[in-house]
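Novice: I would like the atomic coordinates for the input below:
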Amino acid sequence: MLHPMEVIQASITQAQSKTGQKISIEQLEGFIRQILGWREYMRGIYWAHMPEYETLNYFDHQAVLPDYYWTADTRMNCMHAAISQSLTHAYAHHIQRLMNKISDLTILSGCKLRANPLAASFRPSG
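Specialist: Next up, the predicted model:
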């Protein structure tokens, strides 16, 4: 696993490099704030509240996660695009994941994450 400082140092080195894509100071600052800020905050939350945090269900959602979350086979183009990207590249931008697509629809639909038996297979070990 990468240490946050290792990521930050590599980012600064790349931004100062004369080769490759030009990275503005604003881009670099935004990226570093993300590494130091939100990711470390969430890491602390997980460390402080696990394993109980994994079973919390504040809204008492009970619906099963639709199959298209695992296949991207849906007529909703925004969901198809976001989920396909995750399946193909093991990555989705935070806007797609959290702010307007995948997570929002999951919450609005009343889905319980652990309701899908496949979800347990994606749980981190350790």
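
Novice: Okay, helices next: where are they in the chain?
Specialist: Ranges of helices within the chain are 4-16, 25-34, 40-49, 68-71, 77-89, 94, 102-108, based on DSSP state H.

Novice: wait, which of those is closest to D60?
Specialist: Smallest distance to D60 across the helices of the chain (C-beta to C-beta): 12.3 Å, for helix 102-108. In this view, the C-beta of every residue, glycine as well, is placed from N, C-alpha and C.

Novice: gap between that closest one and the chain center?
Specialist: On the basis of C-alpha atoms, centre = their mean, to the nearest Å, helix 102-108 is displaced by 13 Å from the centre of the chain it belongs to.

Novice: that older thread, any chance of the helices of the chain in TSV, plus distance to D60?
Specialist: Below are the helices of the chain laid out as TSV (distance: least, C-beta to C-beta, whole Å):
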stretch	distance to D60
helix 4-16	35
helix 25-34	32
helix 40-49	19
helix 68-71	20
helix 77-89	24
helix 94	26
helix 102-108	12
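
Novice: nearest to Q62, of these?
Specialist: Comparing the helices of the chain under C-beta to C-beta, the one sitting nearest is helix 102-108, at 12.8 Å.

Novice: circling back: now the weakest link among the helices of the chain, please, by mean pLDDT.
Specialist: Looking over those, mean pLDDT reaches its minimum on helix 94, with a mean of 72.

Novice: what packs against that one?
Specialist: Contact partners of helix 94 among helices and strands, from 3 or more C-beta pairs under 8 Å, 6 or more residues apart in numbering; DSSP states H and E: none.

Novice: Report the contact partners of P4.
Specialist: Shown in contact with P4 (C-beta atoms under 8 Å, 6 or more residues apart in numbering): 35-36, 39-40.
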